[in-house]
Structure formats: C-alpha cells, structure tokens
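Student: okay, sequence plus prediction incoming.
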Amino acid sequence: MATTTAPPQTRSRSLLSRPTALDGLKGYLATTDHKKIGIMYFWSVLVFFFFGGVASWVIRAQLAAAENTLVNEEVYNQAFTLHGLTMVFLVVMPLGAAFFNYLIPLQIGARDVAFPRLNAFSFWTFLFGGLFLYSSLFFQAVPNGGWFGYAPLSTQIPGDNMAFYAVGLQIVGIASLSAAVNFITTILNMRAPGMEFMRMPVFVWMSLVTNFLLLFALPIIAVALFMLNGDVVFGTQFFQPATGGDPILWQHLFWLFGHPEVYIMILPAMGIVSEVMPTFSRKPLFGYTAMVFAGVAIGFIGFGVWAHHMFTSAVGPIGRVAFGLTTMFIAVPTGIKIFNWVFTMWGGKVRFTTAMLFSVGFVSMFTIGGLSGVTHAIVPHDAQQTDTYWIVAHFHYVLFGGALFGLVSGIYYYFPKVTGKLLNETLGKWHFWTWLIGFNLTFGPMHMSGLLGQPRRTAVLPGELGPDVLLYNQLSTAGVAVLTVSALIFLFNFITSLRSGEASGDDPWDARTLEWMTPSPTPYVNFYEIPTVTARDEFWERKYAETEDGVVRPVPMGASQDHGEPVPVGDTATVEGTGNASAVPDDIAVTEDVALAKVTSDDHGGNPDAADDDHHIHMPDPSYWPLIMCAGFIPLGYGLTFAAPTLIVLGALWLMIGMFGWILEPLAEGDDDYDPDAVHA
Amino acid sequence: MRRIPSRRSRQRRTARGIGLAVMALVLAGCSGEQTMLDPKGPFSQDPDTLFKYVLIVAAVVFVFVQGLIIFTSWRFRRKDGDNDIPEQVHGNTALEIVWTVIPLAILVAIAIPTVRQVIALAEEPDGAMVVEVIGHRWWWEYRYPDSGVITANELVIPVGTPIRLEMRAEESGAPDRGVLHSFWVPALAGKQDVIPGRVSTLNMQADEPGRYLGQCAEYCGLSHANMRNRAVALEPDDFEAWVAAQQQPSEVAAAFAGLSAADLEAEVVPDGIDQEVGRGYYLFQSANCVACHGQINAEPVASADDFVASQGPNLTHLLSRREFAGAIFDLYEREDPDDPNADFTDQVDVEQLTAWVTNAPSQKAMTPEDGVGMPSFEPGTDNTGGLAGGLPPEDIDAVIAYLLTME
Amino acid sequence: MSAAVEETSMGIDNRKLGMWVFLGSEFMFFGAFITAYLLYLNTTAGGPTGEIFDIVYTSISSFVLLMSSLTMVLAHNAHVHGDMRRMRLWILATALQGLVFVGGQAYEFTKFVNEGLVPTGSPFASAFFVLTGFHGIHVTVGIILLLGLWSYTHTGKVKSDQPLKTEIIGLYWHFVDIIWVIIFVVVYLIPWG
C-alpha cells in the first residue's frame, strides 16, 4: 500500500489517465502537492471552525440566564458534543496538519512528502469524515454523548447519534493515522543533505513527536471505536454491564488516546512559537537542545498520565498516587519550554508583529493553563474540580489560549510564504487584542464559576447556585461576543489581504530557517535546488556572519558564508534576494535553463554536484485516485452506522478497487519532470 | 418545553441585569451555594487546605512568570530604526538546570502531602454509618441498611458521624441499563463516580447541621442537568427521630392493608379515610403507579430485609422531603418565592406536584418511551405509561390527595 | 520520487520505512484488542467458555500460516536472485497457505456460532470474534496484496530487479504471522476459568 509511483516505462491500462492539471478546480481535486493539500486543510478548518463556533453560541446563550429554556436539553447536549468534537478533531488537529503539510517539506528541504498520494488520501478522508459526522444533522442524529462518549451511556442512547460518533471519528482517525505514517517517513527520510536531527527546526521536531503520538495513540481509539460501534449498532457486549462488560475499559482506552491527544494538539503550536519567537527576537531559540528533549519528554510522559482523567472513576489509591505524580512531573518539561521561550526574547531585539504578539500571548495564556493543570494533580481536590467549569477553564487555556494562539501566530507568520502577501498589521493587532480580551473574558470567569460549584455538561444553569455563578456565566457569554467580533476582524483581514494585501517579498521577517529561502508564494517545486544544510538556522547563517570582534553583520548578496567577507549593509531588515534561489523574479517567464542556471550558480551555497546529475526535477504527478478511493468511506460509513451489509460490502469493494486503481496508475508520460514553463508562463 | 410558572419564577430573580450582579459581587464577595471553597466536614476540609496552599504557590509562580514575560517584552522591544543584531546566544546550561530543578522541588513539596491524603481518604473511617447510594437516570436513591429506610434526592445524615457511601448505578432494578453518574456534595466531600456493575465508596461527614446542595457531576444523558441532590445534616437526636418516622408505614396504606380481598375488589374505602384519598389509593394501583414506585409501605420497616426495589422513588414518606423530581422542583413553597435558596414553608406546592403527575415529561426532559423516566398521564398526549387515554384531571386530583397523606 | 532517483536520509526506501512505521501502529492496534480479550477471558455470561476451542485444529491452521512466512522468505530470496519463476511459485504458495488459514478460520467461526458462541453473547465472545476477526481481515488483505504482486510480475509492473516490492509485502505478511503467534498463545494456550 505504500507504493507511491510505478516505473515510468509501464504501459498498464488504467481506468483514468493520469491528470496533469496543476491549476483550477481540477488542480485541487487531483493534487498531490503538499502545499495545496495544506491550503485545503486550512479552508476546511475555517468552515468547521464556524460550525464549532455556532455550537459554542448555543451553549453560551443557554447559560446566560439561570434555569433558561432557550434550547432544550437534547439540543444543548448535541451542541456541546458537537462543539467538542469539532474543535478537537476538525479544527485544532487538522489546523496542525495544515502546517505539517505546508511546512515540513519546506523546513527539511524536500520537494514533497514521502507519499504524496497518501497525503491527498489523508486530506480527503479527513474531509469526508468531518462531513460524515456533520451529515448526522440531516438524520436528526447529532452525537449527544459528549466528545468522550463514555460507555455505557453512549451505547444506550436511543437513535443513531452515537453510531455517527463512532464511525465519524473512526474515519477522521484513519486520515490522521495515514498522515502520521507519511510525516514520520518524510521527516526521517527526506531531509536535505546536512539536515541532521539536531539541526532540524523545532517545528519539525515537535511535528515528529506529534506524529509519533498519533501513530501510537490512534490505533487505541480505533479499537475503542470499533468496540463502541459494535455495541451500538451490532449488539456486541464490550461495555455492557449486564453480561459482565466493563464500562471502565472504554475510559482506559479513550484516555490512553485522549491524553496524548492533548499533546497532539499543543505540540504543533509549541513548534510554531519556537519558530516565531527567534525570528522576531533576532536571536536563535534559547536552549534548542533542551527544547527538543522537553518536547520528546512531554511525548513520552504524555502516554503515562491518562488515568488522571479517571481519579473519581474506578482507579484505586495506588493508581491515584502514581498518575497524580506523573501528572505533576509533566509540568517540568513544560516549564522548561516556557522559560526557554522567555529567554529567547531576553537580550533580543523583539519586534512585536501580530505573529509575535500571538506567540507571546501563547506563552502567557498557556502558563495559566499549566498552573491550573498542576492543581488537578492534587488528587484529593481533583475530586472536587473534575467535571466542573474549573476544568473547562483549564483546558480552554491550554487548547485555545495555547494551541489556537500558537496556530494563529503561525497563520500570521506564514501567510506571506503561502500567498506572497502580508496580512494587514493594523487589523492584525485589533484581532490580537480583541482575541486576548475576548478569550480571557470567556474562560477566565469559568475558573470562578467552577470553584463555586457549576458542573459542566449541564443544559440548565441552576438558579440555586447563586447570583455570582450567574454573573460569571454572563461574563463568559459576553466574552464569546467579543471573540466573535474578533474572528470577524480576522476573516475580513484574511480575505482583503488575500485579494489586495501588500506584497511581502520572499523573506519579510528576516527569518532563520530553510522555508524562507524559497520565493513567496512557494513555487511548485519548493526549491529550485535542494540546499545543503550546514547549520541549525541555515538561512540566517547564510545571511549573517559573525566578525572576529563578535559583531554580527549581514553577508553581502552573492557571497556565501564560507568565503564571503562580512560587510556592513544599511538596512538588514529587508534581505530579499540575498544569495539564494529566491532571486528568481516572479514576473519573468523562467525557462528551465534559467532556473537551472540559477541553482547551479555559485552564489547559492548549495551543492554544485547535485544539479549536475539530473537537470530535471521530479515532482509527483497529480492523481484522482486518492479522492476516488476515499469516497468509499461514504458507503462504508453509512453501512456501519445503519447496520446495512450491502453498503458495507459496497464500501469495502470501492476501497479495494480504489487501491488497485492507485497502484496501477501510470505516471503521466513525458510529464513526469518539472517543467518551469508550465508553472511560470 | 412547557413548565409551569413556579419554575419560571426562579428565572426572574436570576435574570437580573449584570450591573446589579456586579454590585452584589462586590458587596458579597465570592459566594455560592454549591461552592467547593467552603468545606463543612473533614473529608472536604483537608483537600481544600491543600488546594489553597497550592493556589498560593501557583499565584506566586503566575506573578513571576507573567511579570518576566511583560518585563522581557518591554525591556527588549525593538525600537524604531534599531537594526542592530543582538548577540546570538544559543542557551545557558546553568539556567536550564535552574528552571528544571526549582519547579521539580516545588512539585515534590506538593506531591508529598498529596500522596498522604490520597491514602488517608481511601480508608474506611472508624465508626462509619453505611448508606447505599443508587444512581438512576435522573435521580438519586438512598437506602439505610441499618434501619430499612429508603428515600430519594435528599440524603439525610447525622452531624459528626462519618458516613460511608456504598454507591452503584441501577435502572429498572437491573444494573444493565444503568449509566455512569457522579455523586457530589461539595461542602462535604469530593465527587465519586457511580459505575454500573461496580460498587464505589465515598466518605463524607458534616460538622454542622444544614442543607447542602449537590448535583450529579458525570454526564448521564438527556436530563443530566436535572439530576440534583441534597445532603441534609441533622443533629443526632433529630436524625434518630427522622429514622423512626421513616420506619413507620403510611397510615392510609396500612388502613387499606386491613381490608379483605373482596373489599379491595369492590374498591371499598376504610373508615376514617377520606373518599377522595381512597379513590386515589385505588388509582395508584390501577393507573400502574406501583409498577415503578413500588407499594407504599403498609408495615413498619426495620432492616435491609425490608427494602422494596423500585424503578422510581419510594413515595411512602414523600412529604418528608422538601424537593422532588431530582430535586429540581420544590415540593414545599419557599418563604421568598423568588429566591431559589430561601427557607421552605410548610405549604405544599400542590400546583407543581399536579403538573408533574399529569405530564412529567413536559416538566423535565425524559424518555419514558425508552424506559427512562415517568410517562405522561395527560389525556391526548403520547401516553407511554401503558394507560390508554391517560387520566382525567379529577383522577389526577385524587392521586394527589392520596400523595398528600404520605408524610 | 522513486528511490533510484534520490537517496534518502536514513538509507532506507521510503516505502519500506513507511511500512515499518505503519506496523508500529499495528502493534498498538492488536495490543489494545488483546488487552480487551484478556480482560474478558472469563466474562462469558453463562455462555460457552474457551473450552469450545479445538486446539489441535487451530494448531494445524496456525502451523500452515507460520509456514507461509517461510515461503514468503523464499519468494523474496528468489526475487532478489531474479528468479521470477520461483518467485511466482512461492508467492502463490504463500497466498494459498493464507487462504487455507482464512478458510479454516471461517469454518471455525461457523462451528463456534453453531455451538452458541456468538459475538453478541458475552464480552468474551465479542472480544474473541473481534480480535481474531480483525486478524483474519489482515490476512485477507495480505492475500490480496500477494495475488496482486503475482499478477503484476506478468504485466511487467513488477520486474525482476525490483525485489523491494516483494520485501515490503513480505514485511507486512511476517507481521501478520507474528501477531498470530501472540494471539494464538493468548487465545488458545492461556487457561481460562
């Protein structure tokens, strides 16, 4: 199944000729380009974020008054379940995947991921999984058992609601699992010459850890979901106490996945922040090695803390002690990261762009989430906190104040790389400050309402909890209003900047890593020639050199750091065209010869041999098969939801035919080499 | 959902403007009737002390880190026209060790008392009184094995005595349809999940008399929000009196128990019993209330052998409770009808009780068609109680009259 | 992006590395199912227990599956030496043994169901059928891959100098066999009661 390409000589007949279009709708449907796939992840996330936001409005509107009857219990339960599922599985995770897709190959100096068609498969499977989950709206069967789907309730709710949950998450999980295999292989195997592990950008490191977490955590939830699917739809007995089934098994399996999942959501954001902060501080990341090992440590310990979600469930005193201790000590590597970020700024020249503001906001807000997290490790008191708004506040500070702030920082930081334009900084700052205020107004008061005894997942705010609790809830609702305005500012900024934003140039931030060596927007081939890496902040090292008296000076255009004399240059903030392939102007039709002349030229600092062996750049062909194959999940999904064997068989056959079509697909003859004319003309 | 006005009246007070609430906040400080910050017994006091100690530590760390972030951001901001490149510092091993070791030391300091408390709280306290707690969708049942008493929603306990709760989930008398719940009265103890197929335990103790609020804290489906509970702590003498009263049979039921089979067949009402109440007694049987609520006790109870398993709450001493239906409705009117926490009068809220008996699913989200919750008896509604046509209002009134004898 | 064009960082072909990574995930997948099975070993709800298993019968079909790993190695070996005739023969032999195993499992399942061990009967039965069933699905996918490989040697899609494709499918096949050894020990050899 890992076969990505067939030998070009093959003349096997195929159902479809291999598509060659790179532009337009066809170019998207058949794309195997990691950048386009990343962009499609992003747009899908934007749409799902809207729906997740609508669900949160249902929650906040209902809780804005005590004993409110605005929506009934059923609608409320569906709303919080959908909100959780959407934000976790259809927003934060795929937004991370959008960045993995766009950035990993660029940051390690590759032209694409290891398995481009599998990459497209991951995206389409994710999209179909998300749409499948949302199609439950049309069957009046929106999942209503909480994102955690605790058995046996989830097996006993009448209707197909929780079948949609089990099957929908299963499909989304398949997408993430195939993506994890792809990214791990890519990072391990596709690094540019000289890109040793300890030279990889921290984002790549965090991506590697994240994808290993996915690789080992997803199969566990897959097993749990198969069991739940069986119990809900086919009458198996896994979680049925009547025949001796144990509901606690679900909890163990779910949280064995669920806690690593928390780190799956936060680590990509940590990676982005670790890119943004050095750039705008004009300093290398403080304690690179510590940062890497702290990330790896978080990954490992993340698998050993799951039962802290079950302190009030069936975990004995020994278990409570053990998991309480691991939970406390995971705070240590997290603390290491926070201090290293702050000391990255220390002694720097910090430029507060919107991207930087969001990164600093991340460190600040995440610290709050981390501190409330430590209180959960006080096991005896966790019995008071758990399932109250104290917990809701905590994980929103981690996942919204943390993950989402970091990822939004990444959007501002990488928008120029993707589009060649800058997001408007004035609007960006309005976005940041309203976002920060709205976020704290929404989730800050939840700490208080939680301590005052408001349980989560309750459709009615009891008046008996008192006027203070009501006030805190009303503040939260007001906060969501501010956040909504903030999101609209962002959307407006995003769309107007996309249409008519200021041109960014290739390296608007004076950045440090490989992806900024490419032109903006990144060309189809990423790098005209694969760079050879000699340092951690490779691009920075090519732009700047340290003189003997310890002063860092820009390297003049045309000189490599090896033999160039550092000379002072007036404005170092704009270094467009500084000795790299990005010097290829966008507006000139570049012939292959010109491009290759560029990449073999001496000013490149790359490996001159590489360009000599093969003057053609091999790029993966587009393919319709990932899309076609993924469509098989639709009949399979509904078959597993409604216990319809015909649909299950149809779906399985569809997937199998898709797989064979995929394997047998020929290369697009004669077009297997990159032709710059086709792209630039 | 239609709910009768008495419930909405709670809303009026609480839907006040924010301005007023801000003032209330400033004047009253932080208060809440279900707060976890005001422990009233040893099993909630110890974790609270530890938590507040950690909160202080966290506050110090918070101020330090946020201060550091703000200071660093300000001190090292890039000024306009400053294009110098700062020194390219890559790290500092001594610093890394400092910010690894100091947090570690703080955590160890927190870990030691935590571990001690976990062990201590798990042990069964000496001289504890056992109460069985059973979580149903969506109400709590309590059984006192020492005295044979069964009650619902309000857990009545003596002050100063440690209580050992033995908790399980059950439905329709069978564990297979039970779901997870979590029993929680913040003032007296942390929460503990109730798990079908298992028995979990929780220690609690009240040091002063009072009516403590609680709420199911593990999502249990449709009406999870409407599954509230109370712990009523009484002075030991009062508690003894309460137990003695609970052990007594219903006078009305006892009177009917003296009838012959033929009299029962002829729906004879014994002497001294109001005719309306008598009619209610027979309707309670014929409208199948007994199928879920079980027989009203006609004999005194004395031990766990006298427990009558039932799907719904045992109603023998209904009027000894202050609230009903998962403690979301007041059985007695409040002294201040606008204050959901005001003291109770001795006036039964007959209107609310009637609305409930007539059409319970319109008052509280339930799925009786799925075997969870109380069916509607209102004619013309989907009658899922197995009683075609429902009950006319005069029959409902008779049932209410009967219920009002259950003191 | 084939290995012939670009060297990889780890010196392993992407597809081979990808398969190893994927198999790492598969270990967790079966690990979770095996855990559930062990948890429910004696949770039979009054239905049939593990006594229903015919150890001799399953030992034979397990032996067949184990031997298929040997023929898989032989097929790869033949491919490495460019001996496509032998390679095809051993591939077919491997697939055939896989078919025997899956057929045996189908027969076994039918027999158990007739004797009252049904997936809806008890947590034990559910766990047994889902664990061994998912393994059976894995073997079936392996058979499809093997037959595909076999047919492509005829069409020229798999050539004699491309033993990597045989090696990757072989990796998967060996994994499925190893997992069966664990499942066999857990299901058939660990005593119940």
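Tutor: Yep, it's here. If you're wondering where the values come from, they're calculated on a predicted model, not measured in any experiment. Numbering: from 1, shown residues only, chains lettered A, B, ... in the order given.

Student: buried ones in the longest helix anywhere in chain B, by neighbour count?
Tutor: In chain B, assigned by DSSP state H, the helix with the most residues is helix B:42-75. For helix B:42-75, a neighbour-count test (16 or more other CB atoms under 10 Å in any protein chain shown) marks B:42-44, B:46-48, B:50-51, B:54-55, B:57-58, B:61-62, B:65, B:68-69, B:72-73 as buried. To be clear about C-beta, it is placed using only N, CA and C from the backbone, and glycine gets the same treatment.

Student: strands of the stretch 101-250 of chain B, residue ranges please.
Tutor: Ranges of strands within the stretch 101-250 of chain B are B:129-136, B:139-144, B:149-152, B:154-158, B:163-169, B:181-183, B:192-194, B:200-204, B:210-215, B:228-234, based on DSSP state E, counting those that start in this stretch.

Student: which one of those strands lies nearest to B:Val308?
Tutor: Across the strands of the stretch 101-250 of chain B, the minimum distance to B:Val308, taken as CB to CB, is reached by strand B:149-152, at 7.0 Å.

Student: tell me what the closest one is packed against?
Tutor: strand B:139-144, helix B:236-247 (3 or more CB pairs under 8 Å, 6 or more residues apart in numbering or on different chains; DSSP states H and E).

Student: buried deepest among those, which one?
Tutor: strand B:139-144 (a mean of 22; mean count of other CB atoms under 10 Å in any protein chain shown).

Student: check whether that strand comes near chain A.
Tutor: No - counting by CB under 8 Å from any CB of the partner chain, chain A has no neighbours in strand B:139-144; the shortest distance is 14.4 Å.

Student: alpha carbons of that strand, as PDB, please.
Tutor: The C-alpha coordinates for strand B:139-144 follow below in PDB (Å, rounded to 0.1, in the frame of the first residue of the first chain):
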ATOM      1  CA  TRP B 139     -32.500  10.900  40.400                       C
ATOM      2  CA  TRP B 140     -30.600   9.600  43.500                       C
ATOM      3  CA  GLU B 141     -31.900   6.900  45.800                       C
ATOM      4  CA  TYR B 142     -30.600   6.300  49.300                       C
ATOM      5  CA  ARG B 143     -31.000   3.100  51.400                       C
ATOM      6  CA  TYR B 144     -30.100   2.800  55.000                       C
END
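
Student: just the buried residues of the longest helix belonging to chain C, please?
Tutor: Across chain C, the longest stretch assigned as helix under DSSP H is helix C:123-155. Neighbour counts over helix C:123-155 (16+ other CB under 10 Å) mark C:123-132, C:134-136, C:138-143, C:145-146, C:148-150, C:152-153 as buried.

Student: report the distance from it to the chain centre.
Tutor: Taking CA atoms, centre = their mean, to the nearest Å, one finds the center of helix C:123-155 at 6 Å from the center of the full chain.

Student: anything in it near chain A?
Tutor: Yes - judged by CB under 8 Å from any CB, helix C:123-155 comes into contact with chain A at C:123, C:125-127, C:129-130, C:134, C:144-145, C:148, C:155.

Student: which helices and strands does that helix pack with?
Tutor: On a contact count with 3+ CB pairs under 8 Å, 6+ apart, helix C:123-155 meets helix A:202-229, helix A:645-664, helix C:14-39, helix C:84-114, helix C:163-184.

Student: so which of those is the most surrounded?
Tutor: Highest mean neighbour count of the helices and strands packed on helix C:123-155: helix A:202-229, a mean of 25 (counted as mean count of other CB under 10 Å).

Student: and that helix, anywhere near chain C?
Tutor: Yes - under the criterion of CB under 8 Å from any CB, chain C is reached by helix A:202-229 at A:215-220, A:222-224, A:226-227.

Student: give the next helix or strand downstream of the helix or strand where A:Leu471 lies.
Tutor: Element membership for A:Leu471 (DSSP states H and E) is helix A:467-500. Note on helix A:467-500: by DSSP H and E, the next helix or strand toward the C-terminus is helix A:538-543.

Student: mind listing the strands whichever helix or strand comes after that next one pairs with, and their directions?
Tutor: Per DSSP H and E, the first helix or strand lying C-terminal to helix A:538-543 is strand A:544-546. Strand A:544-546 has the following sheet partners, assigned by DSSP bridges: strand A:552-554 (antiparallel).

Student: gap between the partner strand and the chain center?
Tutor: 35 Å.

Student: quick one, what contacts the residue lying closest to C:Ser61 once chain neighbours are set aside?
Tutor: Sequence neighbours aside, C:Gly104 is the residue nearest to C:Ser61 in space, at 3.7 Å (criterion: CB to CB, 6 or more residues apart in numbering or on different chains). For C:Gly104, the contact set (CB atoms under 8 Å, 6 or more residues apart in numbering or on different chains) comprises C:57-58, C:60-61, C:64.

Student: what of B:Glu265?
Tutor: With CB under 8 Å, 6+ apart, B:Glu265 has no contacts at all.

Student: quick one: name the residues of the stretch 101-250 of chain A near chain C.
Tutor: Counting by CB under 8 Å from any CB, the stretch 101-250 of chain A comes close to chain C at A:111-112, A:114-116, A:177, A:180-182, A:184-185, A:188-191, A:195, A:215-220, A:222-224, A:226-227, A:230, A:234-238, A:240, A:242-246, A:249.

Student: show me these that map onto strands.
Tutor: Of those, none are assigned to strands by DSSP state E.

Student: so which of the residues you listed are also by chain B?
Tutor: Within those, those near chain B by CB under 8 Å from any CB are A:240, A:242-246.

Student: tell me which two of those residues sit farthest apart.
Tutor: For those, the farthest-apart pair by CB to CB is A:Ala242 and A:Asp246; their separation is 11.7 Å.

Student: show me the residue at the heart of chain A, geometrically.
Tutor: With distances taken as CA atoms, centre = their mean, the residue of chain A nearest its centroid is A:Gly96 (0.5 Å).

Student: give me the buried entries from the residues of the stretch 101-250 of chain A next to chain C.
Tutor: A:111-112, A:114-116, A:177, A:180-182, A:184-185, A:188-191, A:195, A:215-220, A:222-224, A:226-227, A:230, A:236-238, A:240, A:243-246, A:249.

Student: the residues of helix A:202-229 next to chain C into JSON lines, with extra columns for distance to B:Glu87 and pLDDT?
Tutor: JSON lines is the format used below for these (distance: CB to CB, whole Å; pLDDT from 0 to 100):
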{"residue": "A:Leu215", "distance to B:Glu87": "40", "pLDDT": "96"}
{"residue": "A:Phe216", "distance to B:Glu87": "41", "pLDDT": "96"}
{"residue": "A:Ala217", "distance to B:Glu87": "41", "pLDDT": "96"}
{"residue": "A:Leu218", "distance to B:Glu87": "44", "pLDDT": "96"}
{"residue": "A:Pro219", "distance to B:Glu87": "47", "pLDDT": "96"}
{"residue": "A:Ile220", "distance to B:Glu87": "47", "pLDDT": "96"}
{"residue": "A:Ala222", "distance to B:Glu87": "50", "pLDDT": "96"}
{"residue": "A:Val223", "distance to B:Glu87": "52", "pLDDT": "96"}
{"residue": "A:Ala224", "distance to B:Glu87": "52", "pLDDT": "96"}
{"residue": "A:Phe226", "distance to B:Glu87": "56", "pLDDT": "96"}
{"residue": "A:Met227", "distance to B:Glu87": "57", "pLDDT": "96"}
